[in-house]
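Student: Predicted model and sequence follow; I will ask about them next.
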Amino acid sequence: MTDQTSQAARTACGAIRAGDQGKAVELCGWVNRRRDHGGLIFVDLRDREGIAQIVFDPKHPSFPDAERLRNEDVLRVRGTVRARPQGTENAKLPTGGVEIGVDDLEVLNRSEVPPFPVNGDDDVDENLRLEYRYLDLRRPRMQRNIATRHRIVKAMRDFFDARDFLEIETPMLIKSTPEGARDYLVPSRIHPGTFYALPQSPQLLKQILMIAGFGRYMQIARCMRDEDLRADRQPEFTQVDVEMSFCTQEDVLETMESCMRDVWKRVLGVELGPFPRFSHAQVLERFGSDKPDLRYDLELVNVTSIFEGSDFVVFKSVIESRGAIVGLRYPGGASLSRRDFDALTELAKQNGAKGMVWIALGADGVKSSAQKFVGDEHIGALRYSLDAETGDAILLFADARPAALTVAGRMRGEVAERCGLRDKTKYAFCWVTDFPYLELDEATGRPAPAHHPFTAPGEGQWEFIDSDPLAMRAQHYDLVLNGFELGSGSIRNHKPEHQRRIFEMLGMTPEQIEERFGFFVRALEYGAPPHGGMALGIDRIVMLACGEDDLREVVAFPKNQAARDVMMDSPSAVAENLLRDLSLRSTAPPPER
RNA sequence: GGCCCUGUGGCGCAGUUGGUUAGCGCGCCGCCCUGUCACGGCGGAGGUCGUGGGUUCGAGCCCCAUCAGCGUCGCCA
């Protein structure tokens, strides 16, 4: 008897229903749990579709084998579907009304005792999960998330297909350009001493597809960036990458917004309203972040004017140096102890604050860390402008304006977390538009593109390029969901002279432009249509749709924080002859393992 | 590279101001059990407390170093 089972013969464990009574079925799956009553054995058999209860009768020849079954053994079972005896149905299972009386049992494979329970979603050490990823993926949560991921990607492909976009693959081995994130490099064997780069995104290739006349492009694109990891950042990730010719910014926004609305409706059954839009300047001012979490309000308020003429030396010096005092309401925060406020102040400092003034609006009076300098007139004005009530606390951050807003924005997230305002079942999308074209690179002191250098300046912005380049606005937009940047896009430069002008402004010489982007500027010279597009991070979208807060929960084979794949144990050393073929020699000592 | 938290049987955790033999739940092994579904009952095995050093009469607990992991800042056009 072969171990192979034809798909036609097999019935899914989770698909058995009351209507199947009397049917002879062949089930394949894993032992989810065994309940041995001595004279009667129940086994929950699990496959991707669900769980079915199979029953072994003591008089049956398979009974001794059933006694030796253990969790995660792989079985093939033939038997007959029958109704469970009255009163023994299990309402918790879709298959709970029936069971399979076993006629024939085959153990296709035994399992070692798993290092952690597979039949549940109990917390397990992250490293152990990654080392035994095949077992982790077998668990219900990951089965669910990976399936949801498929459905989201499928919905996206369907959406763009219906709108006449073509999915076009772009190469993984491309050219390194020094801007942006660190590249992953692939050495060339045929051309010693030279390297391909893995794409950080297919940006230039999709623009060239527009020049090539494809008009509407999309791709589920893999991207790689060699930077440090975060819960919402993996070194390799997937984007839904989109580009359109002869379009306005409005066209791109409408397309992507419709796509997300479609996905949410089809996959989650959630109807999303229109996405609110904010300018970059607005979100910084009101939320202290360029990716605001709009599931809750808690808007920041600039309260500098309230403390005009204050004797408090911190406020005084900030006001004199034209900085800002930014206020944040902490609902219910008046119940915090001095110790709690001290800890909160410490947290603010870790987030870049110079300090924090707190004011507790207790029912029994107002307490503050700057008691002497906060008078009734201040309290009244603060209550009014922050819409604060008795029982709340008010947190104040004084610094140069951008720094004060950023810190307050981070603390806004912290306060929201403490107040339970981060509801995972709420989806607050928003657009952020009108980004500055440039921002000052703190490392070099030079202006650097806020997005990438292929972005077109906004209408009428070219006139600032010489006089005040930092004042230029870009036709660049971000899509934000629940405080996560899902992705960004822009209308691109399609005139070669404009593109050259931007490169020059960024300090590149004509030779450098030719060496790095010559192929691209040349392409623009052959009738490049006006075009624009966007890319959204699929991993983050799936993460939020699944209610997870870590990308690893929606990526089948992720890297750990040190960018290692602990299951495969990569990266790893390679044989000397492989390096020789690539004309490479490592300067690093071989790792001791 | 900085900072925070964590590290105790296979897994998840507890372990008091430093004090006798390091506990609990799950899992695992054995026996019993014919309607369970987180089955139940009885019994059992399993720990150099991440590693190294120090303080102390005595360290799972205190100190230093180091490793690993989670998070975060820097970084991520």
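Tutor: Great, that's in hand.

Student: Identify the residues contacting the residue in the stretch 301-450 of chain A that RNA strand B sits nearest to.
Tutor: With C-beta to the nearest atom of the strand, the shortest gap between the stretch 301-450 of chain A and RNA strand B falls at A:Pro449, namely 4.4 Å. C-beta here means a position set from N, CA and C on the backbone, and glycine is covered the same way. By C-beta atoms under 8 Å, 6 or more residues apart in numbering, the residues touching A:Pro449 are A:179, A:437-438, A:455, A:502, A:506.

Student: Show me the shaky parts of chain A.
Tutor: Within chain A, the ranges that satisfy pLDDT under 70 run A:1, A:442-443, A:589-593.

Student: Pop the domain breakdown of it in here.
Tutor: As given by automatic domain parsing, the domain ranges for chain A are A:11-109, A:144-273+A:485-537, A:296-422.

Student: Mean neighbour count and distance to A:Phe464 for those domains - can I get that in JSON lines?
Tutor: Formatted as JSON lines, the domains of chain A follow (neighbours: other C-beta atoms under 10 Å; distance: least, C-beta to C-beta, whole Å):
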{"stretch": "domain A:11-109", "mean neighbour count": "17", "distance to A:Phe464": "57"}
{"stretch": "domain A:144-273+A:485-537", "mean neighbour count": "17", "distance to A:Phe464": "11"}
{"stretch": "domain A:296-422", "mean neighbour count": "18", "distance to A:Phe464": "20"}
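
Student: what's the burial count for the residue in the stretch 451-593 of chain A positioned nearest to RNA strand B?
Tutor: Nearest to RNA strand B, among the residues of the stretch 451-593 of chain A, is A:Gln561, at 2.8 Å (C-beta to the nearest atom of the strand). When neighbours are defined as other C-beta atoms under 10 Å, A:Gln561 has 12 of them.

Student: In contact with the closest residue in space to it that isn't next to it in sequence, which residues?
Tutor: Closest residue in space to A:Gln561, ignoring its immediate chain neighbours: A:Leu229 at 5.2 Å, by C-beta to C-beta, 6 or more residues apart in numbering. With contact set as C-beta under 8 Å, 6+ apart, A:Leu229 has these partners: A:235, A:559-563.

Student: Swap in 7 Å and give it another go.
Tutor: A:Leu229 is in contact with A:235, A:559, A:561, A:563, counting by C-beta atoms under 7 Å, 6 or more residues apart in numbering.

Student: quick one: which of those residues sit in helices?
Tutor: Within those, no residue falls in helices by DSSP state H.

Student: hmm, back to that, pull the most distant pair out of the contacts of A:Pro449.
Tutor: Pairwise distances across these peak at 14.8 Å for A:Glu179 and A:Tyr437 (criterion: C-beta to C-beta).

Student: For the stretch 201-350 of chain A, which residues are neighbours of RNA strand B?
Tutor: With the criterion set to C-beta under 7 Å from any atom of the strand, the stretch 201-350 of chain A comes near RNA strand B through A:201, A:203, A:225, A:227-233, A:350.

Student: Turn the residues you listed into JSON lines, including distance to A:Thr255 and secondary structure.
Tutor: Shown next, in JSON lines, are these (distance: C-beta to C-beta, whole Å; DSSP: H, G, I helix; E, B strand; the rest coil):
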{"residue": "A:Ser201", "distance to A:Thr255": "18", "secondary structure": "coil"}
{"residue": "A:Gln203", "distance to A:Thr255": "18", "secondary structure": "helix"}
{"residue": "A:Arg225", "distance to A:Thr255": "25", "secondary structure": "coil"}
{"residue": "A:Glu227", "distance to A:Thr255": "29", "secondary structure": "coil"}
{"residue": "A:Asp228", "distance to A:Thr255": "33", "secondary structure": "coil"}
{"residue": "A:Leu229", "distance to A:Thr255": "31", "secondary structure": "coil"}
{"residue": "A:Arg230", "distance to A:Thr255": "29", "secondary structure": "strand"}
{"residue": "A:Ala231", "distance to A:Thr255": "29", "secondary structure": "coil"}
{"residue": "A:Asp232", "distance to A:Thr255": "24", "secondary structure": "coil"}
{"residue": "A:Arg233", "distance to A:Thr255": "26", "secondary structure": "strand"}
{"residue": "A:Gln350", "distance to A:Thr255": "40", "secondary structure": "helix"}
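
Student: Make JSON lines from those residues and add distance to A:Leu75 to it.
Tutor: Converted to JSON lines, these look like this (distance: C-beta to C-beta, whole Å):
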{"residue": "A:Ser201", "distance to A:Leu75": "46"}
{"residue": "A:Gln203", "distance to A:Leu75": "50"}
{"residue": "A:Arg225", "distance to A:Leu75": "44"}
{"residue": "A:Glu227", "distance to A:Leu75": "46"}
{"residue": "A:Asp228", "distance to A:Leu75": "45"}
{"residue": "A:Leu229", "distance to A:Leu75": "39"}
{"residue": "A:Arg230", "distance to A:Leu75": "42"}
{"residue": "A:Ala231", "distance to A:Leu75": "38"}
{"residue": "A:Asp232", "distance to A:Leu75": "40"}
{"residue": "A:Arg233", "distance to A:Leu75": "41"}
{"residue": "A:Gln350", "distance to A:Leu75": "53"}
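
Student: out of these, who's nearest A:Gly533?
Tutor: A:Gln203 (9.0 Å).

Student: Tell me who's in contact with that closest one.
Tutor: Going by C-beta under 7 Å, 6+ apart, A:Gln203 touches A:452, A:454.

Student: same thing with A:Gln234?
Tutor: A:Gln234 is in contact with A:539, A:551, A:555, A:558-559, counting by C-beta under 7 Å, 6+ apart.

Student: again, only using 10 Å
Tutor: Contacts for A:Gln234 (C-beta atoms under 10 Å, 6 or more residues apart in numbering) come out as A:223-225, A:537, A:539, A:550-552, A:555, A:558-559, A:563.

Student: just A:Gly355 next, same as before
Tutor: By C-beta under 10 Å, 6+ apart, the contact set of A:Gly355 is A:314, A:345, A:348-349, A:369-370, A:396-399, A:407.

Student: Out of the residues you listed, list just those in strands.
Tutor: Using DSSP state E to define strands, the subset of the contacts of A:Gly355 located there is A:396-399.

Student: For the stretch 251-400 of chain A, which segments are assigned as strands?
Tutor: A:277-279, A:301-302, A:324-330, A:357-362, A:365-368, A:393-399 (DSSP state E, counting those that start in this stretch).

Student: got these as TSV, with distance to A:Met568 columns?
Tutor: Listed next are the strands of the stretch 251-400 of chain A as TSV, based on distance: least, C-beta to C-beta, whole Å:
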stretch	distance to A:Met568
strand A:277-279	43
strand A:301-302	51
strand A:324-330	45
strand A:357-362	49
strand A:365-368	56
strand A:393-399	46
